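A.B. asks: sequence first, then the predicted structure:
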Amino acid sequence: MSKTWHVALHEYSRHVFNKRFLLGLLSVPFVIILMVGLIFLIVAMETDARPVGYVDFSGILADPVPPPEIEPPDKPVEFRPYADESAAMAALDHGEIQAYYVIPEDYLETGTLSVVHAEALKDGPRYQFYDFLAVNLLRDTDPAIARRIVESDEVIVQSADGSRSMSSDSWFNILVPFIAAIAFIIAMFTAGGYLMQAVVEEKENRTMEVLITSVSSNQFMAGKIIGDIAIGLTQILAWIGFVIIGILVGRVKLEFLQGIEIPPQALLLIATILLPALVMVCALMAAIGATVSEAREGQQMTGLISLPIWIPYMLTGIIIGSPNAPIVVALSLFPLTAPLTMLIRQGMTNIPAWQIVASSAIMILSAVGSIWLAGRAFRLGMLRYGKRLKWREIFAKS
Amino acid sequence: MPTVEISHITKTFGPLKAVDDVSFSIEKGELFGLLGPNGAGKTTTIRCMLDIFKPDSGSVAILGGAMSEAKKDHIGYMPEERGLYQDIPLERCLAYLGSLKGLSPSDVKQRSEGYLERFDLAAHKTKKVKELSKGMQQKAQIIATLLHQPELLIVDEPFAGLDPVNTQMVKDLLREQHQQGVTIVLCSHQMNLVEELCDRIVLIDHGKVMLYGGLEDIRHQFSGHAVVVRAEGPLPELKGIERVEPINGSTKLHLAAGMKPQEILKTLVAKDVTLAQFEIAMPTLDEIFIRVVQGEGGEA
């Protein structure tokens, strides 16, 4: 095994088999479970599953068709018929039902009905009763048409060339690339942070002097960058794994998870923009580590990279509203803002091919340039104890 | 062919000339002392020797030529400022540093276990380095330096932080390496140990070579300023004596400038003093070091 791989393996195992990293890794499924749990809790709080009564003077519900099936996390509500209002009121007083509807004789003419309740009726039982009423109003209609009316319309927007379409039911597909980009950026900074910290520590505890009499600075830096990219990818792959498991488990119960698909263009952007971005951030963090004299100083300098990377997140409204505006295109071509901008745009528009090619080329060149920068900063700064390396020294002619 | 040959190297950092026209060579199998006060340019010289720094001028040949990546596997370097990974267990730290010197995992395991036993660290090998005492870390650093059985060993202050028992252990280890034919460059402020171990030395001060050569030759070069005398009865009053120092039943007479030992002997004989001992006092390396650093004695 070459020394580069020894360095990479050491760097990888030192951080990955560490409690702090594992906690960070598990925090994502924990947050997902927490969020899903909260959704269920909120829905459960919005649903009162006690029966709802009705007094039908119109005859619509004389021989009722059962209500449509209810999907979790909603709970089905039983609808009980009463012959008159006094019987319904008695049931309400005894707590047998939470409310009752009165459907007047002229309901079909007026479209008006009334509801009697002790406490305000929640959305869940109210909408379930409307659906129950709707299926009974449409009982003589073609069942397919009746179902479409009950389920309401779905507007599908399709691109002119037919390559892409989007509907209100596939909103999650827009979110997926966006979430992927954010996860990638978090992983980038985790891995890059480890790299910067490791380089500063090796300077601080003087390990550097021993290391560079064993390996060349290029081998050492290459090994470190490879190791830390592997850390970032481990984190991302583990999170993707958790998300896939979450979707596979959740889609059994949650309808909106059933239509999830990752657009091929998003995968292309992940490969050609996010991966070079990961390399670029790791290398830049290594360069920072090599130039500073202590970890705290390095963390302050990290802001110079992290701030521009998060700018598109702050401009999400503009990017979604005008995904092809000149400023958005400019952000797509600037190395530090390209990752998030391109992935947000991807969900909203058909990005022209030339922009994908240009942005990818810029990202790859930036990654290569950052590695060169890190190597040079490392060679010049590795033995600077207690004194910061000036950036102009890095770019000065050797 | 010398193992290390340094010819007229100069290294400047901004306005500071850290190394100024330094030349010396170290023969194969030699135990060589590199001495100098703090800030004299020793570490910069070592870094130039190891190709960590490129000298501004002059040349360095090591193990028969310019430094290469392959040669790094044949050199063991223990810097003055120790460097071990603090947050990992000792055995893992040694395994990593050994792997960077081209050792296989089985070689690292076998060799490190031997050294860990010898240095009483076997029971601590699973502890994190930061949990070890300063002395233990020092010993661990020595193990990391020797693990790959280097041909050239450069140790900077290897006795710092060690108690007398461990100092003796490291001394024995250096002698053992020396007997096995390893070329050793020893940097130390503990002159008695350098005197005990080294055959030749170079003394650098303000970036320049002040003394260079065989230890005995240098001591002879600096002798003649004192004589050790033991007489039956008290010594008479003598002219040309700067200071009188009693040493274990004898008397060390420090001579004034211009006074020669022969003249003292002549005076003592003339005064009919019965002498049991009269010898020219050889200065210790410590004394030579102080005299050179304080401005006495010429450049080599």
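C.D. replies: It's in. Residues are numbered from 1 along each chain as shown, chains lettered A, B, ... in the order given.
A.B. asks: tell me, how many neighbours does residue A:264 end up with?
C.D. replies: Using other CB atoms under 10 Å in any protein chain shown, residue A:264 has 9 neighbouring residues. Any C-beta I mention is one placed from the backbone N, CA and C, and that applies to glycine too.
A.B. asks: from residue B:218, how far out is it?
C.D. replies: According to CB to CB, to the nearest Å, residue A:264 and residue B:218 sit 79 Å apart.
A.B. asks: same thing with residue B:232?
C.D. replies: In this view, residue B:232 and residue B:218 are 34 Å apart by CB to CB.
A.B. asks: neighbour-wise, which of the two wins?
C.D. replies: The neighbour comparison of residue B:232 against residue B:218 (other CB under 10 Å) goes to residue B:218, with 21 against 8.
A.B. asks: hmm, the more buried one is touching residue B:288, no?
C.D. replies: Yes: using CB atoms under 8 Å, residue B:218 is in contact with residue B:288, at 6.4 Å.
A.B. asks: how about the strands in chain A?
C.D. replies: For chain A, the strands defined by DSSP state E occupy A:52-56, A:79-81, A:99-103, A:114-117, A:156-158, A:165-167.
A.B. asks: for the ones you listed, which one sits closest to chain B?
C.D. replies: Comparison of these against chain B by CB to the nearest CB identifies strand A:165-167 as nearest, at 49.1 Å.
A.B. asks: burial check on residue 38, number of neighbours?
C.D. replies: I went with chain A, as the question did not name one. Residues lying near residue A:38 (other CB under 10 Å) number 10.
A.B. asks: hmm, I had chain B in mind actually
C.D. replies: Neighbours of residue B:38 under the rule other CB under 10 Å: 7.
A.B. asks: make sure I have this right: it is in a helix.
C.D. replies: No: using DSSP: H, G, I helix; E, B strand; the rest coil, the assignment for residue B:38 is coil, not a helix.
A.B. asks: got a pLDDT number for residue A:122?
C.D. replies: As predicted, residue A:122 sits at a pLDDT of 83.
A.B. asks: er, residue A:251 I mean
C.D. replies: 70.
A.B. asks: how much space is there between it and residue A:300?
C.D. replies: Residue A:251 sits 44 Å away from residue A:300, going by CB to CB.
A.B. asks: kindly report the same for residue A:206.
C.D. replies: Going from residue A:206 to residue A:300 by CB to CB gives 23 Å.
A.B. asks: cool, residue A:288 as well?
C.D. replies: Counting by CB to CB, the gap from residue A:288 to residue A:300 is 10 Å.
A.B. asks: who's more crowded, the two?
C.D. replies: Ranked by neighbour count (other CB under 10 Å), residue A:288 and residue A:300 place residue A:288 first, with 25 against 10.
A.B. asks: would you turn the strands of chain A into a markdown table with mean neighbour count, distance to chain B and mean pLDDT?
C.D. replies: Formatted as a markdown table, the strands of chain A follow (neighbours: other CB atoms under 10 Å in any protein chain shown; distance: least, CB to the nearest CB, whole Å; pLDDT from 0 to 100):
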| stretch | mean neighbour count | distance to chain B | mean pLDDT |
| --- | --- | --- | --- |
| strand A:52-56 | 23 | 63 | 90 |
| strand A:79-81 | 16 | 65 | 90 |
| strand A:99-103 | 22 | 64 | 91 |
| strand A:114-117 | 14 | 64 | 90 |
| strand A:156-158 | 10 | 54 | 72 |
| strand A:165-167 | 13 | 49 | 67 |
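A.B. asks: how about CSV for these, with distance to residue B:11 added?
C.D. replies: Output for these, formatted as CSV (distance: least, CB to CB, whole Å):
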stretch, distance to residue B:11
strand A:52-56, 90
strand A:79-81, 92
strand A:99-103, 91
strand A:114-117, 90
strand A:156-158, 69
strand A:165-167, 66
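A.B. asks: residue A:197: which of those is closest?
C.D. replies: Nearest to residue A:197, of all these, is strand A:165-167, at 42.1 Å by CB to CB.
A.B. asks: okay, now residue B:35: neighbour count?
C.D. replies: A count of neighbours around residue B:35, defined by other CB under 10 Å, yields 25.
A.B. asks: for the helix or strand where residue B:145 lies, packing partners?
C.D. replies: Following DSSP states H and E, one finds residue B:145 within helix B:134-146. Under the contact definition 3 or more CB pairs under 8 Å, 6 or more residues apart in numbering or on different chains; DSSP states H and E, helix B:134-146 sits against strand B:75-78, helix B:90-99, helix B:105-118, strand B:152-156, helix B:164-179.
A.B. asks: just checking, which helix or strand of chain A averages the lowest pLDDT?
C.D. replies: None of the helices or strands of chain A scores lower by mean pLDDT, DSSP states H and E than strand A:165-167, at a mean of 67.
A.B. asks: one more: chain B?
C.D. replies: None of the helices or strands of chain B scores lower by mean pLDDT, DSSP H and E than helix B:285-293, at a mean of 81.
A.B. asks: for chain B, what are the nearby residues on the stretch 151-300 of chain A?
C.D. replies: By CB under 8 Å from any CB of the partner chain, the part of the stretch 151-300 of chain A that sits against chain B consists of A:202, A:205-216, A:219.
A.B. asks: need the residues you listed in CSV with neighbour count and distance to residue B:209, can you?
C.D. replies: Formatted as CSV, these follow (neighbours: other CB atoms under 10 Å in any protein chain shown; distance: CB to CB, whole Å):
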residue, neighbour count, distance to residue B:209
A:202, 22, 33
A:205, 17, 32
A:206, 17, 27
A:207, 21, 31
A:208, 26, 28
A:209, 25, 24
A:210, 23, 27
A:211, 21, 30
A:212, 23, 26
A:213, 23, 23
A:214, 26, 29
A:215, 21, 31
A:216, 16, 30
A:219, 21, 34
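A.B. asks: least confident pick among those?
C.D. replies: Pick the lowest pLDDT in those and you get residue A:205, at 73.
A.B. asks: ok, that residue touching residue B:86?
C.D. replies: Yes: between residue A:205 and residue B:86 there is a contact at 6.0 Å, judged by CB under 8 Å.
A.B. asks: residue A:349: how many residues sit nearby?
C.D. replies: For residue A:349, using other CB under 10 Å, the count is 16.
A.B. asks: please name the residues that touch it.
C.D. replies: Under the criterion of CB atoms under 8 Å, 6 or more residues apart in numbering or on different chains, the contact list for residue A:349 reads A:323, A:324.
A.B. asks: try residue A:36
C.D. replies: Applying CB under 8 Å, 6+ apart, the residues contacting residue A:36 are A:246, A:250.
A.B. asks: next one: it relative to residue A:180, how far apart?
C.D. replies: Taking CB to CB as the measure, residue A:36 falls 19 Å from residue A:180.
A.B. asks: and what of residue A:337?
C.D. replies: Computed as CB to CB, the residue A:337 to residue A:180 distance reads 17 Å.
A.B. asks: what does residue A:266 give?
C.D. replies: Per CB to CB, residue A:266 is found 7 Å from residue A:180.
A.B. asks: shared neighbours, the two?
C.D. replies: The contact sets of residue A:266 and residue A:180 overlap at residue A:343 (CB under 8 Å, 6+ apart).
A.B. asks: any chance of a markdown table for the helices and strands packed on helix B:134-146, columns mean pLDDT and distance to residue A:237?
C.D. replies: As requested, these are exported to a markdown table (pLDDT from 0 to 100; distance: least, CB to CB, whole Å):
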| stretch | mean pLDDT | distance to residue A:237 |
| --- | --- | --- |
| strand B:75-78 | 94 | 39 |
| helix B:90-99 | 93 | 25 |
| helix B:105-118 | 92 | 27 |
| strand B:152-156 | 94 | 44 |
| helix B:164-179 | 92 | 47 |
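A.B. asks: and residue A:307, which of those is closest to it?
C.D. replies: Between residue A:307 and the helices and strands packed on helix B:134-146, the shortest gap by CB to CB is with helix B:90-99, which sits at 35.2 Å.
A.B. asks: just for the chain, where's the confidence low?
C.D. replies: Using chain A. Counting by pLDDT under 70, chain A has low-confidence residues at A:1, A:46, A:72-73, A:159, A:161-173, A:252-262, A:383-389, A:396-398.
A.B. asks: nope, chain B
C.D. replies: Within chain B, the ranges that satisfy pLDDT under 70 run B:224, B:296-300.
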